[in-house]
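Student: Test case, fold it:
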Amino acid sequence: MKVHRARHSIQLVVSQLVVTEAFYAGILGLPVQRSFTAPGAPEHMVLEMGDITIVFVEEDDVIRTHPVLEHRLGMFPRGIGVTLHFEVEDIEDIYDAVMEEDLEVLYPLEIKPYGIKEMWCFDPDGYLVVLDESLSGNKNGKV
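Tutor: Reported below is the predicted structural model:
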């Protein structure tokens, strides 16, 4: 059963949906939504972005539904080789929240010569997240 309207989707395994929701919706301000779940189906969240949707599902539910994946999911840390890019608003506030939550920052917030403010950090499950905000949307001129 398809859980979203987009033509394409990417499913990411996470430790806890509540922590993922706090990061993507609470800190980043992205429109993450809990999805209605059919009886017996795993609880999940969706982040719809046009033709692509990211579906977040807890690891325990994936293993319960697909036990053959348990060994593979345990072989490597989550997020290896995955980078998610998001255009955001109020990137200074996001940077402050990321620092306050003591999340790992790969590249701190800086102004790039091509007209954006950008930072790279890891989400709570180790997925690399690149955030940018256009300088044309800059309200107060600070970094």
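Student: Once you drop chain neighbours, what's closest to Arg34?
Tutor: Sequence neighbours aside, Met45 is the residue nearest to Arg34 in space, at 5.4 Å (criterion: Cβ to Cβ, 6 or more residues apart in numbering). C-beta: built from backbone N, CA, C; applies to glycine.
Student: and that neighbour, which of the three is it?
Tutor: Secondary structure assignment for Met45 (DSSP: H, G, I helix; E, B strand; the rest coil): strand.
Student: Just the pLDDT for the closest residue to Glu59 other than its chain neighbours.
Tutor: Leaving out its chain neighbours, the residue that sits closest to Glu59 by Cβ to Cβ, 6+ apart is Val13, at 4.9 Å. Val13 is assigned a predicted lDDT (pLDDT) of 93.
Student: Quickly run through the sheet partners of the one helix or strand Val13 maps to, with directions.
Tutor: Assigned by DSSP states H and E, Val13 belongs to strand 8-14. Counting by DSSP bridges, the strands paired with strand 8-14 are strand 52-58 (parallel).
Student: who's in contact with the nearest residue to Gly126 once chain neighbours are set aside?
Tutor: Excluding its sequence neighbours, the residue lying closest to Gly126 (Cβ to Cβ, 6+ apart) is Gly79, at 3.6 Å. Residues near Gly79 by Cβ atoms under 8 Å, 6 or more residues apart in numbering: Phe122, Asp123, Asp125, Gly126, Tyr127, Leu128.
Student: Next up, the contacts around the residue nearest to Glu59.
Tutor: By Cβ under 8 Å, 6+ apart, the contact set of Val13 is Val57, Glu58, Glu59, Val62, Leu73, Arg78, Asp125.
Student: for Val105, same thing?
Tutor: Contacts of Val105 (Cβ under 8 Å, 6+ apart): Val98, Met99, Met119, Trp120, Cys121, Phe122.
Student: can you do 7 Å?
Tutor: Val98, Met119, Cys121 (Cβ atoms under 7 Å, 6 or more residues apart in numbering).
Student: What would stretch 80-96 look like as PDB? C-alpha coordinates only.
Tutor: The C-alpha trace of stretch 80-96 is given here as PDB (Å, rounded to 0.1, in the frame of the first residue of the first chain):
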ATOM      1  CA  ILE A  80      26.500   5.800   5.200                       C
ATOM      2  CA  GLY A  81      26.600   7.300   1.700                       C
ATOM      3  CA  VAL A  82      23.300   9.200   2.000                       C
ATOM      4  CA  THR A  83      23.100  13.000   1.900                       C
ATOM      5  CA  LEU A  84      19.900  14.900   2.100                       C
ATOM      6  CA  HIS A  85      19.700  18.500   0.800                       C
ATOM      7  CA  PHE A  86      17.100  20.900   2.000                       C
ATOM      8  CA  GLU A  87      16.400  24.600   1.400                       C
ATOM      9  CA  VAL A  88      15.300  26.200   4.700                       C
ATOM     10  CA  GLU A  89      14.400  29.500   6.200                       C
ATOM     11  CA  ASP A  90      15.900  31.000   9.300                       C
ATOM     12  CA  ILE A  91      19.100  29.000   9.000                       C
ATOM     13  CA  GLU A  92      20.800  30.900  11.800                       C
ATOM     14  CA  ASP A  93      18.100  29.700  14.200                       C
ATOM     15  CA  ILE A  94      18.400  26.200  12.900                       C
ATOM     16  CA  TYR A  95      22.200  26.300  13.400                       C
ATOM     17  CA  ASP A  96      21.700  27.500  17.000                       C
END
